[in-house]
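Novice: Provided below are the primary sequence and the corresponding predicted coordinates.
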Amino acid sequence: MKIKSILFFFLATYVIACTPSTQLQKTWTDPSVTPETFQAFTKVLVVASMTDESSKRIAEDKIVAALRPGVGQQSYSYLQASDTNEAKLSAKLLKDGFDGILLMRLTNVDKSVSYNQGASYGGWYGYRYSEPGYYSEDKTYLVETNAYSLQPNKLLWSGTTASMNPTKLETTLDAIIYADKTQLLKQGLIK
């Protein structure tokens, strides 16, 4: 009986450890957009709204690399400091052949505290070992990605991912991009 309990414990631990730390939490798609009614974007401006320039460049480069070659253009290499007027920028994008914008931004960081119960282990001849319980703080980063059409000017798709306790920016970005790309492909917004 003890062997079955131990095996169950290890199996449960393995399943929990293999659960992805980034998951698509919610999505919304314009009801008029279906693979049959919308032709996939052919050229999109990729904008990652990040706190520092290095992270922005890493994120935009990764998103562009995940798209078909020639479809994505990083905003850091396209936009100028003078591109502040939305109407003029839209006209410039249309003139340069863009038909969409992919915008990624951090929307919130949720913090939660949980209590991890201690454990008591029995040993031979009455010897017992106890581990005290402890509190741990989890941080969940919520990242929203939006796909906008330039003609007509409207939001077509929005998705929010939740990443719990990310440790590496690049690994977390890969997971977010994979989740978003899967849904964008499913909706026919990209090929």
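Specialist: Sure thing, it's come through.
Novice: hang on, T172 packs against S163?
Specialist: Yes: A contact is recorded between T172 and S163 when judged using CB atoms under 8 Å, the distance being 5.1 Å. In this view, the C-beta of every residue, glycine as well, is placed from N, C-alpha and C.
Novice: Residues that sit against both of those two, list them.
Specialist: 21-22, 141 (CB atoms under 8 Å, 6 or more residues apart in numbering).
Novice: Closest one to W28 out of those, please.
Specialist: Sorting the shared contacts of T172 and S163 by how near they are to W28, with CB to CB, puts T22 at the top with 18.7 Å.
Novice: and the gap between the closest one and Y135?
Specialist: As defined by CB to CB, to the nearest Å, T22 lies at a distance of 24 Å from Y135.
Novice: Comparing these two, which residue is more hemmed in?
Specialist: Between T22 and Y135, T22 has the larger neighbour count (other CB atoms under 10 Å), namely 22 against 8.
Novice: List the residues that contact the residue lying closest to that one once chain neighbours are set aside.
Specialist: By the measure of CB to CB, 6 or more residues apart in numbering, the closest residue to T22 outside its immediate chain neighbours is A175, 3.6 Å from it. Shown in contact with A175 (CB under 8 Å, 6+ apart): 20-22, 161, 163.
Novice: Report the rounded mean pLDDT for the one helix or strand S163 maps to.
Specialist: Secondary-structure assignment from DSSP states H and E places S163 in strand 153-164. Taken as a whole, strand 153-164 has an average pLDDT of 95.
Novice: So what's the predicted local confidence for Y141?
Specialist: Reading off the confidence values, Y141 has pLDDT 94.
Novice: What residues of whatever helix or strand it lives in count as buried?
Specialist: Taking DSSP H and E as the definition, Y141 sits inside strand 134-150. By neighbour count, and taking 16 or more other CB atoms under 10 Å as the criterion, the buried residues in strand 134-150 are 140-150.
Novice: mind listing the strands for this protein?
Specialist: Assigned strands in the chain, in chain order: 22-29, 44-49, 72-74, 100-116, 119-122, 128-131, 134-150, 153-164 (criterion: DSSP state E).
Novice: Which of the ones you listed sits closest to F38?
Specialist: F38 lies closest, by CB to CB, to one member of the strands of the chain: strand 153-164, at 7.4 Å.
Novice: in that closest one, what's buried?
Specialist: Within strand 153-164, the residues that qualify as buried are 156-164, counting by 16+ other CB under 10 Å.
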